[in-house]
Every structure is written in structure tokens, then in C-alpha cells.
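Enquirer: Structural data only, the sequence is not supplied:
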């Protein structure tokens, strides 16, 4: 079964799931070096619905957001690795810096972000609520971040 989807495949899959009465949850991120914080975040996100689809920032957007030395892992590897987690049903790669455009196309039932964000500050909130979806904020896993992992590795050189 193919689990890393194109935008068009993701749109069709979500439409199909919603027609069948399923609640589709969407979240997004770079997920450059997978760590326990990612796993806990994705498990909590999945609890909001039946299927979890993760938008994965493309290599180009990670460079713009995180700097020229990132990502460590390429977009295809990051997207495929996420599908190995039991909480993640599908992934889709997107090239923009925010998932606003992708969410507008996919129209998931619920959009989830981590506790380092506030619902009212998210550019996605307006789009999600415009078609009747909801935005949920989950707890932040303190001290667990890819940036911290990269710094720790760099300090050992």
C-alpha cells in the first residue's frame, strides 16, 4: 500500500475517507531527525480522529525555515520514515513554508499543531475554520527538538 502520497492522491484519499464517515486529522512539520518528541506529538494528534495525514516540508522549504545546513535527511526519507510510525497513516510533501495552501486543498476535519503555537496566531486557522474544520493544539514535549539533537551532535565533533 502506498503511504507517501502526492497532493492529488492525498486530496482524493481524504475525500474518500470523509465520504465513509471517517475523521481525518492533519498536521505538518519538517521532521528532520525523528525523535521521541515527534512520536509523542503524532500519537496525540492521531487521538483526534481515525486517520492521520502528515504534511512534510520539502527540502527547499526546510532550508528556508531552518537554514542552509538543513535538512539532514531528504524529503523522501523523512516522509517514508514517518509512515513507519503506528500513528501515521499517510504523508504528503509540500513546498510552501506554511501548510495553508495544502490544507485549503485537502480540507482535513482537524488540523493539529504543537503547544509552542497558539490557535489564533496560526495562519492555518482561518482556512481550516472556513470549511468547517477545527484546529487543536496538543501539549509540547519539553526539551525534545531536532535543533537540540543537531546541537548535541555538533558539540561532540
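Expert: Yep, it's here. Everything numeric in this text was worked out from a predicted model, so none of it was measured.
Enquirer: quick one: buried residues of stretch 122-141?
Expert: 122, 124-125, 127-128, 133, 135-136, 138, 141 (16 or more other C-beta atoms under 10 Å). Quick note: C-beta positions are derived from backbone N, CA and C, even for glycine.
Enquirer: Helix or strand: which one has the spatially most central residue of the chain?
Expert: The chain has residue 28 as the residue nearest its centroid, 1.8 Å off, counting by C-alpha atoms, centre = their mean. Assigning secondary structure by DSSP states H and E places residue 28 in strand 24-29.
Enquirer: swap in residue 10?
Expert: Per DSSP H and E, residue 10 falls inside helix 7-19.
Enquirer: now the angle between strand 24-29 and that helix, please.
Expert: On the basis of axes from the mean of the first three to the mean of the last three C-alpha atoms, to 10 degrees, helix 7-19 is oriented at 150 degrees to strand 24-29.
Enquirer: Contacts for helix 7-19 next, please.
Expert: Residues from elsewhere that reach helix 7-19 (C-beta atoms under 8 Å, 6 or more residues apart in numbering): 2, 5, 24, 50-51, 53, 90, 92, 94, 102, 105-109.
Enquirer: All set, thanks.
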